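Student: Sequence below, structure please.
(2 chains)
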Amino acid sequence: MDNFKKKFVEEAVDLIDGLEKSLLELEENPEDEAIVQKVFRVMHTLKGNSGMFGFEMIDSFTHEMETVYDLIRNHKLSVSREILDLTLAAVDHLKILLDEENYSNPDVQANHKMLLSKVADIINADQATPEETLPLPAEHTNTDRNGDQGASYYILFEPNSSIFDNGTNPLYLLDELHSLGEAKVYAHLNRVPPLKEIDESLCYTYWEAILYTESTVNEINDVFIFVEDESNIEIQKIMDGNVLANEQFVGELDNLSSIQKDIGFNAVQRLAVGIAKSSTTTPKSTAKGKDRVIAKDASISSIRVAADKLDMLMNLVSELVTTQARLSLFAEESAVPGLVPIAENVQKLSRQLRDIAFSIVLIPIENMLTRFQRLVRDLSSELGKDVIFATEGAETELDKTIIESLVDPLMHILRNSLDHGIEEASVREKAGKPKQGKITLKAFYSGANVMIQISDDGAGIDPEMITQKAIAKGIISAERRLTKREVLELVFLPGFSTATKVTDVSGRGVGMDVVKRKIADIRGEVEIDSEKGVGTTITIKLPLTLSIIDGLLVKVDDTNFIIPLSVVDKIYAVEHEKIAKTFNNVVVLDGKQVPFFYVRREFGHPENSERYEQVIVVNFEEKSVGLVVDSVIGEYQAVLKPLGKHYKNQDMISGATILGDGTVALVMDTNKIIKLFANHEDFAIDSEEPYNKSK
Amino acid sequence: MNQDNLSRINSYLSFKLGDEEFAAHVGKVLNILEMTKITEVPKAPVYMKGVINLRGTVLPVIDTRIKFGMTPTEYTTNTCIIVLDIDVDGENIQVGALVDAVQAVLEIEKGQIMPPPSIGSKYKSEFIEGVANIDEKFIMILDMDAVFSTEDVTDLLTKTEETENTTEIEEIS
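Tutor: Model prediction:
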């Protein structure tokens, strides 16, 4: 049973997330009935599920909330800020209620009571209005129907064969249909296999029904609400009035069902129209009523998979890639005819498999945006600021583990923007800016990286203020002249908070350094750019995935290194003399001066005397650096493995990988190398910096 | 086997560094590997020899001799890598320890283990669980968790006495 509960909680979390998103959408378009429907449906599902698994507090609570949205959906209430605020508070409350341990917490109980009474106020306020006195949702005002007559509907109910797995009995649903009005149901058994092949756990039957009822389509739909995801359900209006009252129609229908395996809506419609014409009982309704109300595509387009299974898959793919490398090497070395093409085929397949496996664990960043939307909404009203949050590129996909570790840093950045970035409305007006502030989150691909940019049109960062503060804190000396970029980099230092007053929201000094560290943990980079009075932009650069990269395998002395292929620009062969004899570590390539990093020297290997060196030019943030290595072996798919805790202080190597011959190659972190290299006093490759240093 | 059962076993793996014999509880030893090619990791502490491939995972290898204040290990046919499972801040991690030679698995009863001498000992007592006298030889039983923790420099010696050991290496290699 605990297992089921876990599953319920998992599902409920998804539902609640969806609910939150829908609510925020509803706020934008309060008139959109489709969204109201969606909200109602989620509440309904939550209510049903929680009741089933004994979460009584959720059950009773969602029941009340559902009532509110039922009123909205029947136009007895309109969506208001008050209702949305309450519902969002309710969503938060529901999240808490999902953990049963919270039930006894007095705070939770008090909150529960408070929310319930508020909901009751809304419902009562509605019922107090004189013109709407019908209390039960089951008896609606029949505005869309002519008089007191009902209508006839065609219903196709085609459950998936696995519907029994949930313990659903489709016959109960049909019983429920009968309770709505007069119904005639045809069961189709043509898909039932011969007795020998029957799997008793599967459902082979599907049904067609003709229903005459006074209920609305929505109410018919509600019958199937719990199975709509697992079934193909079609509900279409045939005509006003009761077709089942006509014996001729029923007779024809029986006839049809016995010769045809499906009757189909069109046939029913034709029959009904024909009869309506001949009998002339309802002359006005030539039943053009082909308003297809709901046609749900029930083919399952996605499935849920446990996260640890995905991790296992990724591990296996990694193993496969490593083994494939061994096979390729073996095939090349041994002279067995025909082995090389096989090895190449395996390589191709494993590459495809790797790409697919990766795409499985990629999820769109949209999944975390709802949370931010909510944060901006709540926080801006708390701070008394008017801020809109715009997103671009929400469909950009990232590794799920990256997304998980990205939420906290992004939250922090957004909080900073809201608190310190965006000014009060009055200040903004004085500065000639629109009263409403704007925070934009933009995500896009850039090579093998994903960039996430958060920009606000707020006050920006004053470089002067930061410099003053850094000097006051003794981080930099007063004489040192820093470029603007270097100044802005200072905000990432631990304990550096520029907020003059500590607010509830940010400014405790545990800010941007934590952000930077967390992003660095997932091999990402953070950069900040700001214009005083115009706004601030924070750019986060992330790798697409964490575990396998395309790399260039190179050799230095007897050590193999992998350079991520995504940063490699060009490879040059340069005479050893040119490298060894220069004293400013710059080599001229294609007429351009390129500073180089002599790997042998820097990594403490003895210098060699080969005639040529290979210079691999790598790019990072508009900077180019040449890495000098002995030889280039070729392209290599590298499965990244951590070096372990003993190498935690290792900066220039981001991991290791195992080569086909079983030896270990080290993966260079070129971005770090370039950064460390660029900060080195001896080399002035930062274009912003005047080139006036000695040496 | 769980931790309880392991600690009740009285087996110790003894190994040699230079002329001195040390021992580690078998519960800490996962594997003994022959010497293989070690990939050196640049810009790392001297005692971090590099990494090797241990059945698909990357295993850091520590030069135990340097860690113990002796001269670096010289590779011979007897040089071995002992794969240890050590506990660092509550997390189990694996490291390889280079040793000059692996000796034997000894049964040492709890009663045979004497507390480390507090005075006159060459090594810091917090790294030594005890001393056992086997066949008139003293074997130092090490606390592997303490010795191979990720601390940057673990100086096992109380005072610098490397000079004593340097002469002995040649005899073994």
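
Student: contacting residues around the most centrally placed residue in chain A?
Tutor: Computing the C-alpha centroid of chain A and ranking residues by C-alpha atoms, centre = their mean puts A:Asn367 first, at 2.6 Å. Listed by C-beta atoms under 8 Å, 6 or more residues apart in numbering or on different chains, the contact partners of A:Asn367 are A:Ile403. Where you see a C-beta, it was placed from the backbone N, CA and C, and this is true even at glycine.

Student: What of the one 5 residues further on?
Tutor: Listed by C-beta under 8 Å, 6+ apart, the contact partners of A:Phe372 are A:Phe389, A:Leu410, A:Met411, A:Leu414, A:Leu441.

Student: Which members of those are classed as buried?
Tutor: Taking 16 or more other C-beta atoms under 10 Å in any protein chain shown as the criterion, what is buried in the contacts of A:Phe372 is A:Phe389, A:Leu410, A:Leu414, A:Leu441.

Student: Select from those residues every entry located in helices.
Tutor: A:Leu410, A:Leu414 (DSSP state H).

Student: and the buried ones among the contacts of A:Phe372, which two are the farthest apart?
Tutor: A:Phe389 and A:Leu410 (11.9 Å; C-beta to C-beta).

Student: between the two, what contacts are shared?
Tutor: In contact with both A:Phe389 and A:Leu410: A:Phe372, A:Leu441, using C-beta under 8 Å, 6+ apart.

Student: Can you tell me which of the contacts of A:Phe372 is closest to B:Thr57?
Tutor: A:Leu410 (32.4 Å).

Student: which non-adjacent residue is nearest the closest one?
Tutor: A:Phe372 (6.7 Å; C-beta to C-beta, 6 or more residues apart in numbering or on different chains).

Student: returning to that earlier point: could you export the buried ones among the contacts of A:Phe372 as TSV, including pLDDT?
Tutor: Below are the buried ones among the contacts of A:Phe372 laid out as TSV (pLDDT from 0 to 100):
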residue	pLDDT
A:Phe389	89
A:Leu410	89
A:Leu414	87
A:Leu441	92
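
Student: Tell me the one of the buried ones among the contacts of A:Phe372 nearest chain B?
Tutor: Using C-beta to the nearest C-beta, A:Leu410 is the member of the buried ones among the contacts of A:Phe372 that lies nearest chain B, at 28.0 Å.

Student: Run a quick check on the closest one versus A:Ala443, I expect a contact.
Tutor: No. A:Leu410 lies out of contact with A:Ala443 (C-beta atoms under 8 Å); the separation is 10.6 Å.

Student: between the two, what contacts are shared?
Tutor: A:Ile452.

Student: show me where pLDDT drops low in chain B?
Tutor: B:1-7, B:118-125, B:150-173 (pLDDT under 70).

Student: re the thing from before, check which residues of the host helix or strand of the residue nearest to A:Leu410 are buried.
Tutor: Element membership for A:Phe372 (DSSP states H and E) is helix A:366-382. Neighbour counts using 16+ other C-beta under 10 Å place A:367-377, A:379-380 of helix A:366-382 among the buried residues.

Student: Stretch B:93-104 too?
Tutor: B:Ile93, B:Gln94, B:Val95, B:Gly96, B:Ala97, B:Leu98, B:Val99, B:Asp100, B:Val102.

Student: Of the residues you listed, which are in range of chain A?
Tutor: B:Ile93, B:Gln94, B:Val95 (C-beta under 8 Å from any C-beta of the partner chain).

Student: What count of nearby residues applies to the nearest residue to A:Ile210 once chain neighbours are set aside?
Tutor: Once flanking residues are discounted, A:Ile210 sits nearest to A:Lys184: 4.9 Å by C-beta to C-beta, 6+ apart. For A:Lys184, the neighbour count with other C-beta atoms under 10 Å in any protein chain shown is 17.

Student: Over to A:Asn584?
Tutor: The burial count for A:Asn584: 11, using other C-beta under 10 Å.

Student: Not counting its neighbours along the chain, what's nearest the closest residue to chain B within chain A?
Tutor: Chain A approaches chain B most closely through A:Phe603 (3.5 Å), counting by C-beta to the nearest C-beta. Nearest non-adjacent residue to A:Phe603, counting by C-beta to C-beta, 6+ apart: B:Pro42, 3.5 Å away.

Student: With that, I have no additional questions.
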